[in-house]
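Novice: Return a 3D structure for these sequence lines:
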Amino acid sequence: MRQLITSPAVRMGLSISVATGLYGISFGALAVAAGLDRLQTQALSALMFTGGSQFAFIGTLGGGGAAALVAAGLLGIRNAVYGAQLNSVFAPKGVMRPLMAHLSIDESFATSMIWDDERERRRGFWTAGVGVFTLWNLFTFVGAWLGDTLGDPRAWGLDGAAVAALLGLLWPRLRDRDAAALAVLCALVTVVAVPLVPPGIPLLLAGLVAVLLQLRPQPVREGAP
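Specialist: Residues are numbered from 1 along each chain as shown. I've put the predicted structure just below:
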């Protein structure tokens, strides 16, 4: 127990769970405003459980159910990439495989992969995964029930809090020159693509750029065996 209390991965996972979970208020309120009932809103958070896809879904409901599903699906593809990498690292078996797959989101992946120690990776993944799932669903419930009494939830800046928390996780990795250059390039690709392609596609293009660059042949350094 003492190891869990003092674990940096657990502390980080709890912090990002709170920051991300609070944003669920915004989703709950906006989903009801978009025409979903409270049960449908709660089901999206429990079953879809990927914030970007959920917001894309309710944001495109006006274009019909098919458009909403396509937008949500495109954004959800990145979670499959996370799951593939986490599967190669942790090799879960039995019931743990679908459970870890469901909890493989931006926050749990980043909180896990930032550590070199395998125990901290596991602690980070489960703390962020379970923590975000619990608080996201709790605050979705709050947002859906309070609805119009909240005013415009986007004015609260909760989206900024969630993004800031995720950037805080990634920042140590960006100290490396190559990682920082890759992050800037992917951000540029996203910004350029946003006005040109449908929702969800910019993130996929940025992810494709990142994957292709990582797969390119690495130069052999002098003195390397």
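
Novice: surely residue 23 meets residue 55?
Specialist: No - at 9.4 Å, residue 23 and residue 55 do not qualify as touching, with contact defined as CB atoms under 8 Å. To be clear about C-beta, it is placed using only N, CA and C from the backbone, and glycine gets the same treatment.

Novice: in terms of contact, does residue 58 touch residue 34 like I think?
Specialist: Yes - taking contacts as CB under 8 Å, residue 58 lies within contact range of residue 34: 4.3 Å.

Novice: More neighbours: these two, which one.
Specialist: The neighbour comparison of residue 58 against residue 34 (other CB atoms under 10 Å) goes to residue 58, with 22 against 16.

Novice: element containing that one, please.
Specialist: helix 51-59 (DSSP states H and E).

Novice: Let me know the secondary structure of residue 35.
Specialist: coil (DSSP: H, G, I helix; E, B strand; the rest coil).

Novice: What pLDDT is listed against it?
Specialist: For residue 35, the pLDDT comes out at 83.

Novice: Now for residue 58 and residue 34: what residues contact both?
Specialist: Counting by CB atoms under 8 Å, 6 or more residues apart in numbering, no residue touches both residue 58 and residue 34.

Novice: So which elements touch the helix holding residue 58?
Specialist: helix 24-33, helix 65-90 (3 or more CB pairs under 8 Å, 6 or more residues apart in numbering; DSSP states H and E).

Novice: pretty sure residue 186 is in contact with residue 209, am I right?
Specialist: Yes - between residue 186 and residue 209 there is a contact at 5.8 Å, judged by CB under 8 Å.

Novice: More neighbours: which of the two?
Specialist: Each of residue 186 and residue 209 has its neighbours counted (other CB under 10 Å); residue 186 has more, 19 against 16.

Novice: Please report how far that one lies from residue 82.
Specialist: Separation of residue 186 from residue 82 (CB to CB, to the nearest Å) stands at 16 Å.

Novice: Done for today, thanks.
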